[in-house]
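>>> One predicted model, sequence on top.
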Amino acid sequence: MSILGGGIFKGMAVTLRNFIGSYFHKERLITNDYEWRSEGELPQSIGDYPKEEGEQLRDTTTVNHYSRNFPMLLHDTGEPMDTIRCVACQICERECPPQCIYIEKSTEKKENADGKPQFYPAKFDIDVSVCMSCQICVEVCPFDAIVMNSQFELSTPNRFGGLLVRRDDLLKSNDYYHKIHPQEAAARDQKMVADKAAKEAKKKAAAEKSKAAAEARAAAAEAEAKEDTE
Amino acid sequence: MITAAPNYELLQQEGLETSLLEISMGPHHPSTHGVFRMDVKLDGETVVELRPVFGYLHRNHEKLAENMTYLSSMPFTDRLDYFNSMTNNWAYALAAEKLIEVEVPERAEYLRVIMAELTRLVNHVTLVGFFINDLGALGTPLMYAFREREKILDLFEQASGARMMCNYFRFGGLRNDVPEGWLGRARELVDRFPAFLDEYEQLLCENEIILSRTQGVGNLSRELAVNAGITGPMLRASGVNYDLRKVDAYGIYDRFKFRVPYTDGDTGDCYDRFMIRMLEMRESVEILKQALADIPEGDIIGKVSKVFKPKPAETYGRIEGPKGELGFYLIADGTTKPYRYRVRPPSLINLTVLRDMCLGGKIADAVIILGSIDIVLGEVDR
């Protein structure tokens, strides 16, 4: 039987060890130091946030390889709207769990980066206040057109309209994507090339098959014609 | 010991009755862990009647999931019990995988176990912190608990991109492989964790105030626990050796050596429930050590399309969540959406014995009894 109050003193020894230890070992600290911008440097609307330079990448505590906060639309090198990957198929709009994506399909087709005429989103808005950063839109997109951005400072003083991010603000280049998520972007590019090659191979095979079938048909017809003459 | 409530009829006959005090604890009382209300009737400080009122956090989870494809409701399962998003994901993935019959790759199975056991550490360490917080030790133990929890959440963030709403499991595997160096960091954390547990036990387990406040308070008998369908650490604290990791051996749990701590069932009080969690953390560390040593290289997800149409069938997928048996019951009707989607939440079912445990106790004890049940209102109300 230990003396009454001994357990309390044992506990206090632990708190003392933690208190003194926190001056020497960082893992004993219960708080983190985050670098923060001063009041004057805080952006006033989403448009003011650094778009291309990946300024928030310095903060290693919150931005990492898989970090995801808000979707962005990808375009290849060139003018954003000329090389946009999105074809307004509206799968992400349908699958989005909180239904925060609004898309309007264009009425006429336009040439995309591959020179193929495609539809494009006349409107593509995502509501920041509804989005829950779940990444389902990224997973269901068959065109690798939408991926997650790691920018997290999305607050704005204008709650009407300011929280609805428009297509032109969502558009980011593939180079920017490579900058923020290098491994993922490289893997995605590789997958896209492989998909394209597979598609072409399939097309080629299909063409050959139809050609062979046509030849066979022609041969059969010829044989039939021969039989008829005989 | 719980003393029986006074015989009010007898007191009334003798003309000795005083009026009962009715108070409504909650829904914003700090002790109720969310928006939960206890309507209690007090005789002095003794609880003579208790009525739990909940539903303040009802978010239509089940009906929402019935109106979207199977994959789309995965992120919503994160928000059931927001401390344990990884295990919630697993239970749902398990149920849906039975519908579409997909093989989960070896590496994914190992990572699932690792994530689930890390989640168990997160949950138990948080629970113990809040439980001591309910006892009146404001701050220190909870902050130590949160310090360790944050290290695990950093691992989750590195793997899945989010601290709490991980949305990491997919049907047939996981969304992505863990980044380079992650397993090393996890091993480092797991190696250091027992030292923290030693310190935490030294801080709490012998403290006389904690002993006198928790021992003999909120007794739950083995019979009542079984009859009420209690599962998880709370059931084991009442002396029933029942753990789905052993009973079902879902995933690859049959490959690991670990013990299931349970009591002899004499008391089943708040102290037992507190200590069971402390002991379970040690076993989780053991599982983690084995899993992190054996994890193979390989694929991370089987072949599953994003939107699928399972054959009409019924399934029930269940796991041993940190709070108890978490089950998902699905009825597929051949479309891309489930016809019925039902969650068996451990928090809600463990909460049903609250009245039985609190009656006859003091009002201050009702707070720690609720704390020892370990509820999250997101899961109770769904």
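In hand now; what should we look at?
>>> what's around B:Met234, how many residues?
Neighbourhood size, B:Met234 [other Cβ atoms under 10 Å in any protein chain shown]: 26. For glycine as for every other residue, the C-beta is placed from the backbone atoms N, C-alpha and C.
>>> likewise B:Tyr56?
With other Cβ under 10 Å as criterion, B:Tyr56 counts 16.
>>> From B:Arg344, how far off is the residue nearest the centre of chain B?
Nearest residue to the geometric centre of chain B (Cα atoms, centre = their mean): B:Lys323, 2.1 Å. Distance, B:Lys323 to B:Arg344, using Cβ to Cβ, to the nearest Å: 12 Å.
>>> Could you do B:Gly184 as well?
If you go by Cβ to Cβ, the gap between B:Gly184 and B:Arg344 works out to 37 Å.
>>> before we move on, what about B:Pro312?
From B:Pro312 to B:Arg344 the distance is 22 Å (Cβ to Cβ).
>>> Equivalent analysis for B:Asp266, please.
Counting by Cβ to Cβ, the gap from B:Asp266 to B:Arg344 is 29 Å.
>>> Of those two, give the one with the bigger neighbour count.
Under the criterion of other Cβ under 10 Å, the comparison of B:Asp266 against B:Arg344 puts B:Arg344 first, with 17 against 12.
>>> just the helices in chain A please.
A:6-21, A:91-95, A:136-140, A:167-170, A:174-180, A:182-229 (DSSP state H).
>>> How about the stretch 1-150 of chain B?
Counting by DSSP state H, counting those that start in this stretch, the segments of the stretch 1-150 of chain B that form helices are B:8-13, B:61-66, B:74-78, B:85-100, B:106-135, B:140-160.
>>> can you redo those helices as JSON lines with distance to B:Tyr329?
Formatted as JSON lines, the helices of the stretch 1-150 of chain B follow (distance: least, Cβ to Cβ, whole Å):
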{"stretch": "helix B:8-13", "distance to B:Tyr329": "43"}
{"stretch": "helix B:61-66", "distance to B:Tyr329": "10"}
{"stretch": "helix B:74-78", "distance to B:Tyr329": "13"}
{"stretch": "helix B:85-100", "distance to B:Tyr329": "7"}
{"stretch": "helix B:106-135", "distance to B:Tyr329": "20"}
{"stretch": "helix B:140-160", "distance to B:Tyr329": "26"}
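>>> And those helices: which comes nearest A:Ala214?
helix B:85-100 (39.6 Å; Cβ to Cβ).
>>> what's the helix or strand for the residue nearest to the centre of chain B?
For B:Lys323, there is no helix or strand it lies in under DSSP states H and E.
>>> how many other residues sit next to the residue nearest to it when sequence neighbours are not counted?
In this structure, B:Lys323 finds its nearest non-sequential neighbour in B:Pro346, 4.3 Å apart by Cβ to Cβ, 6 or more residues apart in numbering or on different chains. Using other Cβ under 10 Å, B:Pro346 has 31 other residues around it.
>>> residues in contact with B:Pro346?
Contacts for B:Pro346 (Cβ atoms under 8 Å, 6 or more residues apart in numbering or on different chains) come out as B:231-232, B:321, B:323-326, B:379.
>>> what's the closest of those to chain A?
B:Glu379 (17.6 Å; Cβ to the nearest Cβ).
>>> would that closest one count as being in a helix?
Yes: membership of B:Glu379 in a helix is supported by DSSP: H, G, I helix; E, B strand; the rest coil.
>>> Provide the backbone phi and psi angles at the residue nearest to B:Val353 when sequence neighbours are not counted.
Nearest residue to B:Val353, sequence neighbours excluded (Cβ to Cβ, 6+ apart): B:Ala228, at 4.9 Å. Main-chain dihedrals, B:Ala228, degrees, to the nearest 10: phi -80, psi 0.
>>> Correct me if wrong: B:Ala228 contacts B:Leu351.
No: assessed by Cβ atoms under 8 Å, B:Ala228 is found out of contact with B:Leu351, at 9.9 Å.
>>> more crowded one of those two?
Set B:Ala228 next to B:Leu351 and count neighbours by other Cβ under 10 Å: B:Leu351 wins out with 22 against 17.
>>> need the contact list for the spatially closest residue to that one that is not a sequence neighbour.
Sequence neighbours aside, B:Ile375 is the residue nearest to B:Leu351 in space, at 5.5 Å (criterion: Cβ to Cβ, 6+ apart). Counting by Cβ under 8 Å, 6+ apart, B:Ile375 touches B:33-34, B:36, B:323, B:347-348, B:350-351.
>>> How many residues are close by A:Glu222?
10.
>>> Next to chain B in this structure, residues from chain A, please.
Residues of chain A that fall close to chain B, judged by Cβ under 8 Å from any Cβ of the partner chain: A:2, A:4-8, A:10-11, A:13-15, A:17-18, A:27-30, A:32, A:64-68, A:95-97, A:132-136, A:139-140, A:148, A:183-184.
>>> most centrally placed residue in chain A?
Nearest to chain A centroid, counting by Cα atoms, centre = their mean: A:Val147, 0.9 Å.
>>> Which one (most neighbours) among the contacts of B:Ile375?
Counting by other Cβ under 10 Å, top hit in these: B:Lys323 with 28 neighbours.
>>> returning to that earlier point: would you convert the helices of chain A into JSON lines that also reports mean pLDDT?
Converted to JSON lines, those look like this (pLDDT from 0 to 100):
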{"stretch": "helix A:6-21", "mean pLDDT": "86"}
{"stretch": "helix A:91-95", "mean pLDDT": "88"}
{"stretch": "helix A:136-140", "mean pLDDT": "89"}
{"stretch": "helix A:167-170", "mean pLDDT": "82"}
{"stretch": "helix A:174-180", "mean pLDDT": "79"}
{"stretch": "helix A:182-229", "mean pLDDT": "82"}
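>>> would CSV of these with distance to B:Leu111 be doable?
Listed next are the helices of chain A as CSV, based on distance: least, Cβ to Cβ, whole Å:
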stretch, distance to B:Leu111
helix A:6-21, 32
helix A:91-95, 25
helix A:136-140, 18
helix A:167-170, 32
helix A:174-180, 24
helix A:182-229, 17
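>>> Identify whichever of these lies nearest to B:Glu206.
Nearest of these (Cβ to Cβ): helix A:6-21, 3.3 Å.
>>> Pull out the buried residues from the closest one.
Neighbour counts over helix A:6-21 (16 or more other Cβ atoms under 10 Å in any protein chain shown) mark A:7, A:10-11, A:14, A:18 as buried.
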